[in-house]
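Visitor: Pasting a predicted model and its sequence here:
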Amino acid sequence: MQLVSTDTPIIGTTPTNLGITKACQYYVGSFWLLPVQFNALLPPATLNASQVTNLLKQISLTSGAEVVFKSMCFEMHGLEHEVRAAVNMVIELDIIKVA
């Protein structure tokens, strides 16, 4: 088996010989929205997908990362700089500061 990276050829027969750090530059980031305090009598504040759809598109276009919102969690997929930019943009959202 021969795998070729942009730097030098990597030759090996098992995954341990491949140098996993060079094999992938793909990152996944998660940003969870957790309640500040728990109250059993009041349901937790939630955001629905329709509230954040336009924000997700804007973050994705600006950062280059794929951004998904599900179960009160933002997930960002992409290269390291794209994911970092997307996380920083999510942190700065007004809807997040209020939630």
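Guide: Ah, there it is.

Visitor: For this protein, which segments are assigned as helices?
Guide: Under the criterion DSSP state H, the chain contains helices at 20-23, 49-63, 80-91, 94-98.

Visitor: okay, those, which one's buried deepest?
Guide: Among those, ranked by average contacts under mean count of other C-beta atoms under 10 Å, first place goes to helix 80-91 (a mean of 18). For the C-beta atoms, the positions are set from N, CA and C on the backbone; glycine is no exception.

Visitor: Mind listing residues that contact stretch 87-99?
Guide: Stretch 87-99 is contacted from outside by 29, 31, 33, 45, 47, 51-52, 55, 59, 62-63, 67, 74, 76, using C-beta atoms under 8 Å, 6 or more residues apart in numbering.

Visitor: let's see it at 6 Å
Guide: With C-beta atoms under 6 Å, 6 or more residues apart in numbering as the test, stretch 87-99 has contacts from 29, 31, 33, 45, 59, 74.

Visitor: Minimum pLDDT in these, which residue is that?
Guide: Here the lowest pLDDT out of the contacts of stretch 87-99 sits on residue 45, with 69.

Visitor: returning to what we had before: out of the helices of the chain, which comes closest to residue 38?
Guide: helix 94-98 (18.6 Å; C-beta to C-beta).

Visitor: picking that back up, can you tell me which of the contacts of stretch 87-99 are in strands?
Guide: For these, the ones inside strands are 29, 31, 74, with DSSP state E as the criterion.
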